[in-house]
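Participant: Build me a model:
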Amino acid sequence: MDKPQIIAHVQKSLNYTLFDAKWIPCSAKFVVLGNYARGTGALQIYEISHGDVKLVHEAEKPKEFKCGTFAASSLEQRHFATGNFEGKLQIWDLEKTRDPVYSVKAHKEIINSIDGVGGLGIGEGAPEIVTGSRDGSVKVWDPRQKDKPVAVMEAKKEDTRRDCWAVAFGNSYNTEERCVCSGYDNGDVKLFDLKTMSLRWETNIKNGVCFLEFDRKDINMNKLVATSLESKFHVFDLRTQHPTKGFASVSERTHNATIWSVRHLPQNRDIFMTMGGNGSLNLWKYNYPAKRVSTDSDGKQMGVAGTLDLLQNVTLSTQPINSFDWNPDKAGLGVCTAFDQTLRVLIVTKLNRL
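Facilitator: Numbers count the residues shown, from 1 in each chain. I've put the predicted structure just below:
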């Protein structure tokens, strides 16, 4: 089988620290977030044009941006939700960025991670945004509900709260069901069921959880990838939960560095990209086992983990690649940011043959 190739199509150096990049749905544009050395926030919009990228809009804001998502917006509005260094959740109309259309002081400290659901025609139910912060709390917001979160998950005692590095929505396959997964600096992974407002499952992967992503948000939970410090990521099979052993998983060491992020290919949920602290990108395929469920000695059902194939890897930078986003409309088109202050538009070939 011919292997896919990861090609750096465009590279552009910028004059600020980059933290996140997201494709604007149904367009050839993407938005980049970060911070200037003077401590202000950078928001820029670029468009792919004639084999290059062109800056079409930029805005500088009082506080640094850390993360952003379109996933709670309608396709018509394409509003962009951001989390910043002072704990503010803001939603922007990218056609006019002078003032946010929604703003709330969501956390006492930096918002490290953000995700959305119920927008872009993906997932059922209300449009909601989840934020995770250094203050240890995870909060779910419905922008239509003004300035109060619809759910808050945090340790009861302040001295047991951990820095939340990662949040993700999943299991949004009907209007009632919805889960939030959160990851922390001590390696804790917690899965909250928002329907019952209870902790459904928790584990510890022994290293700080840098990023979490379900393979799909709008289906009955299938797989979850958790990336961590110390070169390791884990793929959990979420279809069968054993009463004591939890979910089956397979783990892999790669990148020889922190694994900053993971992104599943929108057109194929079993293909995903991981980003490394050594400036590399790795493309993976998950292979399901012949049987996903087995029975233990007590007759209880338990999951069976699959295997992983490394399809391709490439080193693009001497600095960590800290974000990546697949284009939802054009398979194999991606954009990534790195701490070398360079954004890169990538093309991954032959994905339709996998």
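Participant: hang on, isn't Asp93 packed against Val101?
Facilitator: Yes: contact criterion C-beta atoms under 8 Å: Asp93 and Val101 qualify, at 5.3 Å. In this view, the C-beta of every residue, glycine as well, is placed from N, C-alpha and C.
Participant: Now for the two: what residues contact both?
Facilitator: Common neighbours of Asp93 and Val101, counting by C-beta atoms under 8 Å, 6 or more residues apart in numbering, are His79.
Participant: From Trp326, how far out is Asn352?
Facilitator: Separation of Asn352 from Trp326 (C-beta to C-beta, to the nearest Å): 14 Å.
Participant: higher neighbour count, those two?
Facilitator: Shown here are Asn352 and Trp326; by other C-beta atoms under 10 Å, Trp326 has more neighbours (23 against 10).
Participant: Next one: that one, what pLDDT does it get?
Facilitator: Trp326 carries a pLDDT value of 98.
Participant: Could you do Val104 as well?
Facilitator: The per-residue pLDDT reported for Val104 equals 97.
Participant: Quick check on it: phi, psi?
Facilitator: For Val104, the backbone dihedrals (degrees, to the nearest 10) come out as phi -150, psi 140.
Participant: next one: Thr160
Facilitator: With angles defined as degrees, to the nearest 10, Thr160 sits at phi -110, psi 0.
Participant: what residues are up against Val150?
Facilitator: Counting by C-beta under 8 Å, 6+ apart, Val150 has contacts Glu128, Val140, Trp141, Asp142.
Participant: burial measure for the second one, as a count.
Facilitator: It stands for Val140. When counting by other C-beta under 10 Å, one arrives at 22 neighbours for Val140.
Participant: With adjacent residues omitted, what lies nearest to it?
Facilitator: Excluding the flanking residues, the one nearest Val140 by C-beta to C-beta, 6 or more residues apart in numbering is Ala151, at 4.1 Å.
Participant: Tell me where the model's unsure across this structure.
Facilitator: By pLDDT under 70, the low-scoring segments of the chain are 1, 122-123.
Participant: residue closest to the middle of it?
Facilitator: Glu213 (5.5 Å; C-alpha atoms, centre = their mean).
Participant: and that residue, bridged to which residues?
Facilitator: For Glu213, the beta-bridge partners under DSSP bridges are Val225.
Participant: Quick check, it in contact with His264.
Facilitator: Yes: Glu213 is in contact with His264 according to C-beta under 8 Å; the separation is 6.1 Å.
Participant: List the residues that are in contact with both of those two.
Facilitator: Listed as contacting both Glu213 and His264 by C-beta under 8 Å, 6+ apart are Val225, Phe272.
Participant: and the gap between the nearest residue to Met197 once chain neighbours are set aside and Arg144?
Facilitator: Closest residue in space to Met197, ignoring its immediate chain neighbours: Ala151 at 6.8 Å, by C-beta to C-beta, 6+ apart. From Ala151 across to Arg144, the span is 15 Å (C-beta to C-beta).
Participant: Also Val189?
Facilitator: Using C-beta to C-beta, we find Val189 at a distance of 30 Å from Arg144.
Participant: With neighbour numbers in mind, choose between those two.
Facilitator: More crowded of Val189 and Arg144, by other C-beta under 10 Å: Val189, with 22 against 10.
Participant: Follow the chain on from the helix or strand containing Gln44 and name the next helix or strand.
Facilitator: Using DSSP states H and E, Gln44 sits in strand 41-49. Note on strand 41-49: by DSSP H and E, the next helix or strand toward the C-terminus is strand 52-61.
Participant: now that following strand: how far from the chain's centre is it?
Facilitator: Put simply, strand 52-61 sits 23 Å off its chain's centre (C-alpha atoms, centre = their mean, to the nearest Å).
Participant: who does the helix or strand that it is followed by touch, helix- and strand-wise?
Facilitator: Scanning forward in sequence from strand 52-61 by DSSP H and E, the next helix or strand is strand 65-69. Strand 65-69 sits against strand 17-23, strand 29-35, strand 41-49, strand 80-84, strand 111-117, with contacts defined as 3 or more C-beta pairs under 8 Å, 6 or more residues apart in numbering; DSSP states H and E.
Participant: My read is that Ser251 contacts Ser231, right?
Facilitator: No: assessed by C-beta under 8 Å, Ser251 is found out of contact with Ser231, at 10.5 Å.
Participant: Please tell me how far Cys26 sits from Asp20.
Facilitator: Cys26 is 20 Å from Asp20, where distance means C-beta to C-beta.
Participant: Please apply the same query to Gly299.
Facilitator: Using C-beta to C-beta, Gly299 is found at 47 Å from Asp20.
Participant: These two: which is more packed in?
Facilitator: Asp20 (23 against 6).
Participant: For the more buried one, give me its contacts.
Facilitator: Residues in contact with Asp20 (C-beta under 8 Å, 6+ apart) are Val32, Leu33, Gly34, Phe65, Lys66, Cys67, Gly68, Asn322, Ser323, Thr337.
Participant: cool, Gln319 as well?
Facilitator: Contacts of Gln319 (C-beta under 8 Å, 6+ apart): Gly279, Ala338, Phe339, Asp340.
Participant: what's the farthest-apart pair in those?
Facilitator: Using C-beta to C-beta, the contacts of Gln319 span at most 8.8 Å, a distance reached by Gly279 and Phe339.
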